[in-house]
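Colleague: compute the structure for the input listed below.
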Amino acid sequence: GDAGQLVVARHPGAARHVMTEAAALVAPQAALRDVTVHLSESSDRVMYLGDAARVRQVLTNMMGNAVSFTPRGTSVDVVAARVENPPEGTALSGGPWCVIRVVDLGPGIPPDKLGHVFEPFVQLTADGQSTRKGSGLGLTVSRQLAVLMGGELTVESEGDGRGATFSLWLAAG
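Modeller: Next up is the predicted model:
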């Protein structure tokens, strides 16, 4: 049966709205680290299909991670866009898609670790710094929620202190 399955709705929602809500939830953490969270859209009123509460949960996790890894006094960029084609290297097809990218200026993720960031309890260290507490499970659950909504969570990074971009893909609304 469906016991234990998370049920997610797929309703049209405005990316800007759910981004604003998530940014408000990480604002205290960002203020403590003197990190500015910039929200923007590549075009007016980017819409997604998804479960607003789940989308907010995923974005809050993504933004919280970005704020904790980005250097003090810098910024995290959160950009929503409507794109016609799915990301490469995923099972997604068709389109159009709504993508919300969270870009940090942190240490980044070495190429050989990129494939592991969504595995449970993975803890990444950069230059012997303390492990990224709690990020592993959060990303695992976030990716599961994205997939349940018919989307995906992807990561791009070159490592070497050049930051990371986590992208939430949802069907465009």
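
Colleague: what is the burial count for residue 69?
Modeller: 23 (other C-beta atoms under 10 Å). Backbone N, C-alpha and C define where each C-beta goes, glycine included.

Colleague: what's near enough to touch it?
Modeller: Shown in contact with residue 69 (C-beta atoms under 8 Å, 6 or more residues apart in numbering): 104, 106-107, 132, 164.

Colleague: list the contacts of stretch 15-34.
Modeller: 36-37, 39, 41, 45-48, 52, 55-56, 59-60, 62-64, 67-68, 70, 72-73, 76, 78, 80, 98, 100.

Colleague: please, which helix or strand holds the spatially most central residue of the chain?
Modeller: What sits nearest the mean C-alpha location of the chain, by C-alpha atoms, centre = their mean, is residue 62, with 3.9 Å. Taking DSSP states H and E as the criterion, residue 62 maps to helix 52-69.

Colleague: that helix: which residues count as buried?
Modeller: 52, 54-69 (16 or more other C-beta atoms under 10 Å).

Colleague: what does stretch 32-52 give?
Modeller: By 16+ other C-beta under 10 Å, the buried positions in stretch 32-52 come out as 33, 35, 37, 39, 41, 46-52.

Colleague: can you put the residues you listed in JSON lines and add distance to residue 154, secondary structure and pLDDT?
Modeller: Formatted as JSON lines, the buried residues of stretch 32-52 follow (distance: C-beta to C-beta, whole Å; DSSP: H, G, I helix; E, B strand; the rest coil; pLDDT from 0 to 100):
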{"residue": "33", "distance to residue 154": "25", "secondary structure": "coil", "pLDDT": "94"}
{"residue": "35", "distance to residue 154": "23", "secondary structure": "coil", "pLDDT": "96"}
{"residue": "37", "distance to residue 154": "20", "secondary structure": "strand", "pLDDT": "97"}
{"residue": "39", "distance to residue 154": "20", "secondary structure": "strand", "pLDDT": "98"}
{"residue": "41", "distance to residue 154": "19", "secondary structure": "strand", "pLDDT": "96"}
{"residue": "46", "distance to residue 154": "17", "secondary structure": "coil", "pLDDT": "96"}
{"residue": "47", "distance to residue 154": "20", "secondary structure": "strand", "pLDDT": "97"}
{"residue": "48", "distance to residue 154": "15", "secondary structure": "strand", "pLDDT": "97"}
{"residue": "49", "distance to residue 154": "18", "secondary structure": "strand", "pLDDT": "96"}
{"residue": "50", "distance to residue 154": "16", "secondary structure": "strand", "pLDDT": "94"}
{"residue": "51", "distance to residue 154": "19", "secondary structure": "coil", "pLDDT": "93"}
{"residue": "52", "distance to residue 154": "21", "secondary structure": "helix", "pLDDT": "94"}
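
Colleague: which parts of the protein are strands?
Modeller: Per DSSP state E, the chain carries strands over the ranges 11-14, 36-41, 47-50, 75-83, 97-104, 152-157, 164-171.

Colleague: cool, thanks, signing off.
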